[in-house]
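1. sharing a model prediction with you, sequence too.
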Amino acid sequence: MGLYARYVLPRLIDRAMSNRISAAERARLVPTATGVVLEVGAGSALNVPHYGAAVQRLYALDPSTAVWRLGRERVRRAPFPVEFLEASAERVPLDAGSVDTVVSTWTLCSIPDAAAALAEMRRVLRPGGAFLFVEHGRSPDPRVQVWQRRLDPLWARVAGGCHVDRPIDRLIAGTGFDIAALERGYSAGPRPFSYLYRGTAHPRP
């Protein structure tokens with residue numbers, strides 16, 4: 001891991017994901033989590049202040065201890081136990097059916113094998129559990145898609161492996177989930193980076 005990835009990128013991600021628009025999306029989605037929660041791509045714990053009283057325990061999974069350390073104060077104030085799991089999303093170190101809710105916010109874009117990670121999320125969810133997500137990805141507009149394809153290789157190199165053109169809804173539905181609710185649309189910002197997928201899915205029986 002180079003100096004940029006170790007020292008600079010974690011702070012850039014923390015700053016970029018602390019903006020007003022992201023905070024509003026978190027405030028809308030994260031409080032609906034209940035029970036034992038696995039957050040995939042926990043980053044600098046920006047979601048932690050938004051979890052509600054229905055959360056019993058949070059497993060915060062991220063491969064980067066550097067970015068997690070930036071959120072120590074947020075974790076300290078959490079009213080429930082928080083356990084950090086230093087691991088990749090493609091291999092979640094939890095038992096099958098051991099969590100009630102999985103949360104993913106702006107994470108599926110940067111996981112090297114998103115399909116494998118989604119399969120792991122489905123594995124650890126109990127039957128009837130909920131997968132809550134807000135992600136950016138492929139726009140339905142062909143003109144925007146052209147720019148997403150052009151920008152993606154460079155953006156992935158400078159933004160920690162983040163891809164702007166993944167079809168999030170198709171990825172989720174194709175890995176054993178039934179999508180119960182889905183909203184799609186542009187948030188503020190350049191369109192190649194701002195098409196959002198928000199929703200809830202459940203593991204397919």
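-> Okay, I see it. Residues are numbered from 1 along each chain as shown.
2. which neighbours in the sheet does the helix or strand containing residue 59 have, and how are they oriented?
-> Per DSSP states H and E: residue 59 is located in strand 55-62. Under the criterion DSSP bridges, strand 55-62 sits next to strand 35-40 (parallel), strand 82-86 (parallel) in its sheet.
3. average pLDDT for it?
-> Averaging pLDDT along strand 55-62 gives 98.
4. ditto for stretch 141-161
-> 95.
5. contacting residues around that stretch?
-> 5, 9, 13, 110-112, 138-139, 162-165, 191-193, 195 (C-beta atoms under 8 Å, 6 or more residues apart in numbering). Quick note: C-beta positions are derived from backbone N, CA and C, even for glycine.
6. before we move on, the earlier item: what would the strands paired with strand 55-62 look like in JSON lines with mean neighbour count, mean pLDDT and distance to residue 204?
-> Listed next are these as JSON lines, based on neighbours: other C-beta atoms under 10 Å; pLDDT from 0 to 100; distance: least, C-beta to C-beta, whole Å:
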{"stretch": "strand 35-40", "mean neighbour count": "24", "mean pLDDT": "98", "distance to residue 204": "18"}
{"stretch": "strand 82-86", "mean neighbour count": "16", "mean pLDDT": "98", "distance to residue 204": "25"}
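7. indicate which one of the ones you listed is closest to residue 106.
-> strand 35-40 (10.8 Å; C-beta to C-beta).
8. distance between the top helix by length along the chain and the chain's centre?
-> For the chain, the helix that runs over the most residues, judged by DSSP state H, is helix 142-158. Computed by C-alpha atoms, centre = their mean, to the nearest Å, the separation of helix 142-158 from the middle of its chain amounts to 20 Å.
9. before we move on, what about stretch 190-205?
-> For stretch 190-205, the distance to the chain centre is 10 Å (C-alpha atoms, centre = their mean).
10. where does pLDDT dip in this structure?
-> 1-4, 7 (pLDDT under 70).
11. which residues of it fall in helices?
-> According to DSSP H, the helices that the chain contains are 3, 9-16, 20-29, 65-69, 72-76, 114-124, 142-158, 168-173, 191-194.
12. which elements pack onto the fourth one?
-> If I follow you right, that is helix 65-69. Where contact means 3 or more C-beta pairs under 8 Å, 6 or more residues apart in numbering; DSSP states H and E, helix 65-69 is packed against helix 9-16, strand 82-86.
13. check which residues of it are buried.
-> Across helix 65-69, burial judged by 16 or more other C-beta atoms under 10 Å covers 66-68.
14. now these as JSON lines including distance to residue 172?
-> Converted to JSON lines, those look like this (distance: C-beta to C-beta, whole Å):
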{"residue": "66", "distance to residue 172": "28"}
{"residue": "67", "distance to residue 172": "24"}
{"residue": "68", "distance to residue 172": "25"}
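15. which of those residues lies closest to residue 123?
-> Looking across these and measuring by C-beta to C-beta, the closest to residue 123 is residue 68, at 23.1 Å.
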